[in-house]
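Participant: 3D model of this:
(one chain, ligands or ions: 1)
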Amino acid sequence: PSPVSSVKKGKITKNSISLSWQEPDRPNGIILEYEIKYFEKDQEMSYTIIKSKETTITADGLKPGAVYVFQIRARTAAGYGGFSRRFEFETSPVSVAASSDQSQIPIIVVSVTVGVILLAVVIGFLLSGSCCDHGCGWASSLRAVAYPSLTWRCGYSKAKQDPEEEKMHFHNGHIKLPGVRTYIDPHTYEDPNQAVHEFAKEIEASCITIERVIGAGEFGEVCSGRLKLQGKRELPVAIKTLKVGYTEKQRRDFLGEASIMGQFDHPNIIHLEGVVTKSKPVMIVTEYMENGSLDTFLKKNDGQFTVIQLVGMLRGIASGMKYLSDMGYVHRDLAARNILINSNLVCKVSDFGLSRVLEDDPEAAYTTRGGKIPIRWTAPEAIAFRKFTSASDVWSYGIVMWEVMSYGERPYWEMTNQDVIKAVEEGYRLPSPMDCPAALYQLMLDCWQKDRNSRPKFDEIVSMLDKLIRNPSSLKTLVNASSRVSNLLVEHSPVGSGAYRSVGEWLEAIKMGRYTEIFMENGYSSMDAVAQVTLEDLRRLGVTLVGHQKKIMNSLQEMKVQLVNGMVPL
Ligand code: AMP
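Facilitator: I've put the predicted structure just below:
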């Protein structure tokens, strides 16, 4: 693993220092534990080592008013990474410890917060209840004095209905409880410029060198380049630019992504370096991901990775999504095209936005209710009544698992959106990708439970994938070829002879005509016979190239899917 690069101090008392840190940028495996070495400054000969499975520790038994030096390193199955640079923190001095002990601060903040909430509950009760004949004037003027920026009445009654909304409301009111980091919707800022400057660092254009164009975004080109900030080493970066002639709304939406991204700090979430807003073009600068977007990368490298590598990618994505859901952020457009992958195969969630995300996504289609939704990736309740939650993100995550395990195949192939909605509603699900471990396909099916409360949570998905990675033999059992076929979005009806008139015509159509003779010689001379072909059969027939096996099996699946959805006349 690469060294831990950021260490933050937590609670400090006269005898103890609490620390927390971020997982290394390049873990290169599962982190099994951390080793924390510390010593009193200038007393390096006498040091203490603590081991921790968590990314937090408390060092106690320390001297008051003394500076301590900390270094942390991570261990994976491959061994220890390098130690971090030295971080120095000082314990509280004895004299002020009793009165200014920092450990008291969270307690005070909690007490004040609880007090404020209790008061709000009482006022909410007064405002909504029977006291109105004589109580309202008093209560509302008290509210105006005490809480000028909050609408408590609305917040409280909403909170009674739906705990999720309560959370949202409090975010919107910008109240942050100590220790709970939550996402703040930049829409709640009257001035969007204030939001972007609260969450993103302004970078001077002269610090950026643009090298080449690497992609096209809705608002302008995406380029690669370098960022050199004073006192820091030069970094490779991606630069999104806002094209000239933009409207105020476009500028606001463009920078909205930076206001969201800037709130996140996690190794599996794309990292924002900063924004350029004081000169033109307006730019968003992020870390550079050498391998670009995950769907394209997988298509280009079909069949090239071990199962463990693929599961490692999935683990990273799940870990990023766990972080987002803990922050109260619902992504709504989780798909392999919105994941970026770097040269170490670390996957990071990207494409944050408000309404913008879905409007930009070429996969998003308008629903009858006017919303724009990437149907193939979206949970049924989000399509039907726009119930977007972390549980609907889990559904999308299942689709991403399927995309990864099938190297970037298009979910539901060429079925129309309407047919996808219908099939999913009727209880059909995507079949297992080829050569997919049974445990992974089962996890996909769990993510696609109709009842959103029965789907696993992201933390459970991360633990499950960790278990599989630690015990690779658990990935050896593959979904076997024949049950793979029966897991189709399909009843066991044979492939219709209506689709193609002969085996030869079918193989020609998928550019596999070279196998016609072998098929005929081995008794697969009708489309009905072909319908029974399994992967093992193909191997036996000498179809050894993985790409050809996939083409043939996928074409068979597609025909069956079309049959079920009544698209192919029989
Ligand atoms: P987006 O507008 O975010 O979808 O970006 C458009 C395309 O630019 C993506 O599909 C990627 O191929 C590329 N891209 C965006 N951000 C990065 C990045 N941080 N590193 C490398 N390529 C990127």
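
Participant: who in the stretch 351-500 of the chain is up against the ligand?
Facilitator: Residues of the stretch 351-500 of the chain lying near the ligand by CB under 6 Å from any ligand atom: D351. C-beta here means a position set from N, CA and C on the backbone, and glycine is covered the same way.

Participant: Helices along the stretch 351-500 of the chain, start to end?
Facilitator: 355-360, 380-385, 390-405, 417-425, 438-447, 458-470, 481-486 (DSSP state H, counting those that start in this stretch).

Participant: List the residues that contact the residue nearest the centre of the chain.
Facilitator: The residue lying closest to the centre of the chain (CA atoms, centre = their mean) is M321, at 3.3 Å. Residues in contact with M321 (CB atoms under 8 Å, 6 or more residues apart in numbering) are H331, L334, V349, S390, D393, V394, Y397, F458, I461.

Participant: In JSON lines, list those along with neighbour count and pLDDT.
Facilitator: Putting those into JSON lines (neighbours: other CB atoms under 10 Å; pLDDT from 0 to 100) gives the following:
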{"residue": "H331", "neighbour count": "23", "pLDDT": "96"}
{"residue": "L334", "neighbour count": "27", "pLDDT": "97"}
{"residue": "V349", "neighbour count": "26", "pLDDT": "98"}
{"residue": "S390", "neighbour count": "21", "pLDDT": "97"}
{"residue": "D393", "neighbour count": "27", "pLDDT": "98"}
{"residue": "V394", "neighbour count": "25", "pLDDT": "98"}
{"residue": "Y397", "neighbour count": "26", "pLDDT": "98"}
{"residue": "F458", "neighbour count": "23", "pLDDT": "98"}
{"residue": "I461", "neighbour count": "25", "pLDDT": "98"}
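
Participant: Now do the same for A195: its pLDDT.
Facilitator: In this model, A195 is scored at 89, pLDDT.

Participant: looking at the chain, which helix or strand does the model trust least?
Facilitator: Lowest on mean pLDDT, DSSP states H and E among the helices and strands of the chain sits helix 152-161, with a mean of 28.

Participant: Quick one: distance of stretch 36-53 to the chain centre.
Facilitator: 35 Å (CA atoms, centre = their mean, to the nearest Å).

Participant: For that stretch, measure first residue to last.
Facilitator: Stretch 36-53 has an end-to-end distance of 11 Å (CA to CA, to the nearest Å).

Participant: outside of it, which residues touch it?
Facilitator: Taking CB under 8 Å, 6+ apart as the rule, stretch 36-53 contacts 19, 32-35, 57, 59, 62-63, 66-73, 83, 88.

Participant: quick one: which of the residues you listed sit in strands?
Facilitator: 19, 33-35, 57, 59, 67-73, 88 (DSSP state E).

Participant: what's the residue in the stretch 351-500 of the chain that the ligand sits nearest to in contact with, if anything?
Facilitator: Closest contact between the stretch 351-500 of the chain and the ligand, by CB to the nearest ligand atom, is at D351 (5.3 Å). Contacts for D351 were tallied using CB under 8 Å, 6+ apart; they are E257, D333, N338, V357, D361.

Participant: what's the lowest-pLDDT member of these?
Facilitator: V357 (49).

Participant: so where do the helices sit in the stretch 201-350 of the chain?
Facilitator: Using DSSP H, counting those that start in this stretch, helices in the stretch 201-350 of the chain cover 248-261, 294-300, 307-326.

Participant: how about those, which one is nearest the ligand?
Facilitator: helix 294-300 (6.8 Å).

Participant: And the average pLDDT for that closest one is what?
Facilitator: Here the average pLDDT along helix 294-300 is 98.

Participant: now swap in stretch 220-230 and tell me
Facilitator: On average, stretch 220-230 scores 97.

Participant: Tell me the buried residues in that stretch?
Facilitator: G220, E221, V222, C223, S224, G225, L227 (16 or more other CB atoms under 10 Å).

Participant: And stretch 38-48, by the same measure?
Facilitator: Y38, F39, E40.

Participant: Sort out for me which of these are in helices.
Facilitator: Using DSSP state H, no member of the buried residues of stretch 38-48 sits in helices.

Participant: Format those as a markdown table; extra columns: distance to the ligand and pLDDT.
Facilitator: Output for the buried residues of stretch 38-48, formatted as a markdown table (distance: CB to the nearest ligand atom, whole Å; pLDDT from 0 to 100):
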| residue | distance to the ligand | pLDDT |
| --- | --- | --- |
| Y38 | 36 | 88 |
| F39 | 39 | 89 |
| E40 | 42 | 89 |
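
Participant: so where's the protein uncertain?
Facilitator: 95-180, 354-360, 366-371, 480-499, 560-570 (pLDDT under 70).

Participant: Contact residues of it facing the ligand?
Facilitator: 214-215, 217, 222, 238, 270, 286, 288-289, 292-293, 340, 350-351.

Participant: Just give me the closest of those residues to N28.
Facilitator: Closest to N28 out of those is M289 (16.2 Å), distances taken as CB to CB.

Participant: Can you report how many residues neighbour the closest one?
Facilitator: When neighbours are defined as other CB atoms under 10 Å, M289 has 24 of them.

Participant: residues contacting it?
Facilitator: A238, I270, L340, I341, N342, K348.
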